[in-house]
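A.B. asks: What follows is a predicted protein model with its sequence.
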Amino acid sequence: IDNSFQLQPSDFDRLSTYVIESFADSQGNLWFGTIADGVARYDGTTLTWFSPKNGLGGDTVVSIAEDQQGSLWFGTEGGVTKYDGNTFATYSNAAGLPGTRCYVLVDRDGTLWVGTEHGVFRLQGDKFSKFNIPGPPIQERSWKVEYGKVWCLMQDRQGNIWFGRDGLGASRFDGTSFTHFTTSDGLCSNIVSHIVEDRAGNIWFGCLSSNQPQEGQQGGLVRWDGKTFTKFPETQGLFDTDIYTIYATKSGDVWIGATGVGAY
């Protein structure tokens, strides 16, 4: 690696080449999930790494959540791993959780939700059960990785659970029924990678372009105020671009990562 990329000594001080998730826990620790280096915890002084050698479910950590007891849940390519501060426990196929690169959400009731390429699952006791989401009518199928894959989960201030799916748009579950949002409603594409609610209650969607059945450039950023969908075609990078990351600050700002372009 050193010969191929001519790395400098300072390069080895970085967390990882690919940091794809960051999380602040209730104790003030910062956690960083990576593609191939497991997860790192920074307590303000020391950086501590965790990998499958410690009990982590895999070297790829795409999502992190904390439950009401203070345990952390890591979504990996080998299932979901619970860390209570001392020990690790991984849930995968044997626990009823199929799929890789798991995306995790702990809702306000303490329920753990997990999204994979096989759909959505909820932890009940020590087993997972499938949570079936109906599919909205889609005229022309297109997808990024696998049709129906769950890219993200989010709970809004009203308690609704949102799901962003590959090729099936976004779905909102109010505890009883589903509401679906697709390009017919105003999304840039039906591949929704990220859903965030800002301080004003607006819902922001990050959409991806398709790779299957053919290449497409339909990605972009969309804001929904509860009535109207707004796109941003006048801003380079926020339209016809893959949007994987959105973050809403407590002060009301919204940060967007635009693939290949930069941050807004």
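C.D. replies: That came through, no problem. Here the structure is a predicted model, which is why all the values come from computation and not from measurement. Residues are numbered from 1 along each chain as shown.

A.B. asks: what's in contact with stretch 16-23?
C.D. replies: 30-37, 40, 61-66 (CB atoms under 8 Å, 6 or more residues apart in numbering). Glycine gets a C-beta too; all of them are placed from N, C-alpha and C.

A.B. asks: Can you check the residues you listed and name whichever has the most neighbours?
C.D. replies: The residue in the contacts of stretch 16-23 with the most neighbours, by other CB atoms under 10 Å, is Val61 (31 neighbours).

A.B. asks: Now do the strands in the stretch 151-264 of the chain.
C.D. replies: Remark: strands assigned in the stretch 151-264 of the chain by DSSP state E, counting those that start in this stretch are 161-165, 169-173, 178-181, 192-197, 203-207, 220-224, 229-231, 243-248, 254-258, 262-263.

A.B. asks: As JSON lines, these with mean pLDDT and distance to Gln139 would be great.
C.D. replies: Shown next, in JSON lines, are these (pLDDT from 0 to 100; distance: least, CB to CB, whole Å):
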{"stretch": "strand 161-165", "mean pLDDT": "98", "distance to Gln139": "16"}
{"stretch": "strand 169-173", "mean pLDDT": "98", "distance to Gln139": "12"}
{"stretch": "strand 178-181", "mean pLDDT": "98", "distance to Gln139": "14"}
{"stretch": "strand 192-197", "mean pLDDT": "98", "distance to Gln139": "17"}
{"stretch": "strand 203-207", "mean pLDDT": "98", "distance to Gln139": "17"}
{"stretch": "strand 220-224", "mean pLDDT": "98", "distance to Gln139": "19"}
{"stretch": "strand 229-231", "mean pLDDT": "98", "distance to Gln139": "18"}
{"stretch": "strand 243-248", "mean pLDDT": "96", "distance to Gln139": "23"}
{"stretch": "strand 254-258", "mean pLDDT": "97", "distance to Gln139": "28"}
{"stretch": "strand 262-263", "mean pLDDT": "94", "distance to Gln139": "33"}
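
A.B. asks: want to throw those strands into JSON lines with mean neighbour count?
C.D. replies: Formatted as JSON lines, these follow (neighbours: other CB atoms under 10 Å):
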{"stretch": "strand 161-165", "mean neighbour count": "25"}
{"stretch": "strand 169-173", "mean neighbour count": "22"}
{"stretch": "strand 178-181", "mean neighbour count": "18"}
{"stretch": "strand 192-197", "mean neighbour count": "22"}
{"stretch": "strand 203-207", "mean neighbour count": "25"}
{"stretch": "strand 220-224", "mean neighbour count": "22"}
{"stretch": "strand 229-231", "mean neighbour count": "15"}
{"stretch": "strand 243-248", "mean neighbour count": "19"}
{"stretch": "strand 254-258", "mean neighbour count": "18"}
{"stretch": "strand 262-263", "mean neighbour count": "10"}
